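Asker: Structure, please.
(chains A, B and C)
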Amino acid sequence: MSTALPEVLDLLGRQSHAIDGGDGPGWAATFTADGVFRSPTYPEPVRGRAALTRFAAAFAPANPRTRHVVTGTCVDPGGADALVARSTLLVVRTESDGAVRILRVATLRDRLVRVDGRWLIAERAVSVD
Amino acid sequence: MSTALPEVLDLLGRQSHAIDGGDGPGWAATFTADGVFRSPTYPEPVRGRAALTRFAAAFAPANPRTRHVVTGTCVDPGGADALVARSTLLVVRTESDGAVRILRVATLRDRLVRVDGRWLIAERAVSVD
Amino acid sequence: MSTALPEVLDLLGRQSHAIDGGDGPGWAATFTADGVFRSPTYPEPVRGRAALTRFAAAFAPANPRTRHVVTGTCVDPGGADALVARSTLLVVRTESDGAVRILRVATLRDRLVRVDGRWLIAERAVSVD
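Answerer: Below is the predicted model of the structure:
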């Protein structure tokens, strides 16, 4: 499955730049149209492009100078034309005094499916350390 | 050699998830059967699958909420059907009060060989900053 | 463009090990002969291999036990035979007492061009959070 890894890494990189830069549609576009995001940091799962867009667009205004740092991605088969990617996420913030702090560490478990020849996230489950 | 990079990145990602998740056999399986792990953090090199498995299985219980964050991997030829990968490792821990701390920074120098069509680590040398 | 990603990741990894290890020529070799480096951390852009070499060679002596941690790389077309790579950089230092601190977080925006079959950085623009 490592042949899919470059495309998955590109998708995850693009996704981090999108949410950290306030680009809600860009972040939501890394999910399928009915994609789901589940995280214990938030009370409810986020479902579908419109909700995902609003969710991501709200992040940067509420979290200035904050970055998603995603590493350690590996991919496994996830059924027919699907794969599961596991990654480690550090959320890193530059505080107003210039000090940099890691806010939290989490594991991302993404189920990806192929849509029109591109891998997209059908479901993300975040577990925080 | 960058054509081997996706497979090496996948191996290193898988390895981090294994040791951080308490999966000793999964970690040891990223090494060759007679693989060697050398690190100044530990008194002796660890040699062979059985010892590597015990070593990795002991990490998570002794280091809860601790992650191996591996970045900056590049690969160079390392002789016939072998390559050398260099990476930067951050060991990151979430403390009991929720604060996140980088415990140490290290360089990984891995010699990989091809076994049954897959790259595996024959020898890892860790140097701590 | 994700087909170029492994080569770009290898280049960026190699570059981090070079500057952190005091290898000025190795760092400069990741740029084109007339490559340009722009960063608000430094007063002037650095232009061309000779200046890039001196710039990089000066980093490690002035910044012991300091690492460039580059993540989140994604690539987009950047014109004919060119691409733009965006990455997130953490500069991480191990202090004399062993504590590890993230000095700063930045975005790297690299324009890469193909020279003799290899991707090299024609221009890097660093923006610090």
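Asker: Wait, A:R93 touches A:V100, no?
Answerer: Yes: taking C-beta atoms under 8 Å as the definition, A:R93 is a contact partner of A:V100 at 7.0 Å. No exception for glycine: its C-beta is placed from N, CA and C like everyone else's.
Asker: Now name the helix or strand holding the residue located most distally from the centre of chain A.
Answerer: What lies farthest from the middle of chain A is A:D97; by C-alpha atoms, centre = their mean that is 27.8 Å. Here A:D97 is covered by no helix or strand, with elements defined by DSSP states H and E.
Asker: Kindly report the same for A:A106.
Answerer: strand A:100-115.
Asker: Note down every partner strand of that strand and its orientation.
Answerer: Using DSSP bridges, strand A:100-115 pairs in its sheet with strand A:82-94 (antiparallel), strand A:118-128 (antiparallel).
Asker: Pull the distance from it to the chain's centre.
Answerer: In this view, strand A:100-115 has its centroid 5 Å away from the chain centroid, taken as C-alpha atoms, centre = their mean, to the nearest Å.
Asker: Any buried residues in it, and which?
Answerer: For strand A:100-115, the neighbour count (16 or more other C-beta atoms under 10 Å in any protein chain shown) marks A:100, A:102-103, A:105-108, A:110-113 as buried.
Asker: Over to stretch A:64-74?
Answerer: Residues A:65-74 are the ones in stretch A:64-74 that count as buried (16+ other C-beta under 10 Å).
Asker: Pull out the CA atoms of stretch A:23-33 and give them to me as CSV.
Answerer: What follows is stretch A:23-33, C-alpha atoms only, in CSV (Å, rounded to 0.1, in the frame of the first residue of the first chain):
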residue,chain,number,x,y,z
ASP,A,23,-9.3,27.9,4.4
GLY,A,24,-12.5,25.9,5.4
PRO,A,25,-13.4,24.8,1.9
GLY,A,26,-9.8,23.6,1.2
TRP,A,27,-9.9,21.5,4.4
ALA,A,28,-13.3,20.1,3.7
ALA,A,29,-12.2,19.2,0.1
THR,A,30,-9.8,16.6,1.6
PHE,A,31,-12.9,14.7,2.7
THR,A,32,-15.5,12.9,0.7
ALA,A,33,-18.9,14.7,0.2
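Asker: hmm, it touching chain C?
Answerer: No: shown here: stretch A:23-33 not in contact with chain C (C-beta under 8 Å from any C-beta of the partner chain), separated by at least 10.3 Å.
Asker: Give me the contact list for that stretch.
Answerer: A:11-12, A:14-15, A:17-19, A:35, A:37, A:48-50, A:52-58, A:113, A:115, A:120-122, A:124 (C-beta atoms under 8 Å, 6 or more residues apart in numbering or on different chains).
Asker: Inside helices: which ones of the residues you listed?
Answerer: A:11-12, A:14-15, A:17-19, A:48-50, A:52-58 (DSSP state H).
Asker: Show me just the buried residues among those.
Answerer: A:11-12, A:14-15, A:17-19, A:49, A:52-53, A:55-57.
Asker: I'd like those written out as a markdown table, with pLDDT and distance to chain C added.
Answerer: Converted to a markdown table, these look like this (pLDDT from 0 to 100; distance: C-beta to the nearest C-beta, whole Å):
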| residue | pLDDT | distance to chain C |
| --- | --- | --- |
| A:L11 | 98 | 8 |
| A:L12 | 98 | 7 |
| A:R14 | 98 | 4 |
| A:Q15 | 98 | 9 |
| A:H17 | 98 | 5 |
| A:A18 | 98 | 10 |
| A:I19 | 98 | 11 |
| A:R49 | 97 | 20 |
| A:L52 | 98 | 18 |
| A:T53 | 98 | 19 |
| A:F55 | 97 | 19 |
| A:A56 | 97 | 15 |
| A:A57 | 98 | 19 |
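Asker: Output those as JSON lines; include the columns distance to C:V84.
Answerer: Shown next, in JSON lines, are these (distance: C-beta to C-beta, whole Å):
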{"residue": "A:L11", "distance to C:V84": "16"}
{"residue": "A:L12", "distance to C:V84": "17"}
{"residue": "A:R14", "distance to C:V84": "12"}
{"residue": "A:Q15", "distance to C:V84": "17"}
{"residue": "A:H17", "distance to C:V84": "11"}
{"residue": "A:A18", "distance to C:V84": "15"}
{"residue": "A:I19", "distance to C:V84": "19"}
{"residue": "A:R49", "distance to C:V84": "25"}
{"residue": "A:L52", "distance to C:V84": "25"}
{"residue": "A:T53", "distance to C:V84": "24"}
{"residue": "A:F55", "distance to C:V84": "27"}
{"residue": "A:A56", "distance to C:V84": "22"}
{"residue": "A:A57", "distance to C:V84": "23"}
